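Novice: Quick one: sequence and predicted model below, then my questions.
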Amino acid sequence: MATAKTLEAAMQEALAARGMQSVPAMGLATRPMPTGPDDLRNALSAPGTPENYQIMVPPDFDRDAALETKARQWFHRAGLPQGAVNGIVDAYCRHLCDGATGNEGKLAQAETELKQEWGADYPRKIAAAQSLIAKCGGAEELAEICGSTGLGNDAWLIRTLAAIAEMNPQPGVAQ
């Protein structure tokens with residue numbers, strides 16, 4: 001299974017989502033690189049409709065069409081760019097393939113890592129990530145998925161959601 005993506009790799013993938021030069025994504029496909037201001041703006045925004053999200057999984061992964069349909073809706077409501085979705089799907093597949101082993105210590109590890117990285121901004125960034133998740137809708141089902149797979153303890157995912165939330169500020173959420 002693929003290794004965890006860095007925020008930089010996820011953002012590069014977001015930039016590559018709708019441009020011209022080929023860039024590998026999850027080892028499954030290639031994406032072109034943006035060539036102009038409209039391509040860059042599009043790479044950092046959500047597709048026009050939920051159905052336009054491409055959900056790529058490893059060839060031997062059991063797809064869940066109902067979950068994919070719901071996920072597309074969640075991603076679109078949150079305004080996630082394709083590159084961020086690719087990283088989330090990759091993390092989801094990785095966590096499922098790893099199984100539930102070791103999830104107990106991962107929350108503390110992610111919390112320690114993010115507190116060290118963010119310092120005094122930790123509570124604000126966590127609140128930003130949580131507000132983005134709330135924007136998705138289906139909070140109970142999302143909480144179940146994140147809890148059962150360990151995805152909710154993934155520092156990369158928390159970091160990415162906070163960064164996206166800060167790029168798209170919401171009224172009432174401190175930046």
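Specialist: Here it is on my side, so go on.

Novice: lowest-pLDDT helix or strand in the chain?
Specialist: Within the chain, no helix or strand scores below strand 23-25, which has a mean of 41 by mean pLDDT, DSSP states H and E.

Novice: For A108, give me the pLDDT.
Specialist: Listed pLDDT for A108 reads 84.

Novice: just L157 next, same as before
Specialist: 87.

Novice: Quick one: residues contacting it.
Specialist: G87, I88, A91, L151 (Cβ atoms under 8 Å, 6 or more residues apart in numbering). C-betas here are computed from N, CA, C, even on glycine.

Novice: repeat that with 6 Å
Specialist: A91 (Cβ atoms under 6 Å, 6 or more residues apart in numbering).

Novice: secondary structure element for it?
Specialist: Taking DSSP states H and E as the definition, L157 sits inside helix 155-167.

Novice: One more: Q73?
Specialist: helix 65-78.

Novice: Flag every buried residue along that helix.
Specialist: Using 16 or more other Cβ atoms under 10 Å as the burial criterion, the residues of helix 65-78 that qualify are K70, A71, R72, Q73, W74, F75, H76, R77, A78.
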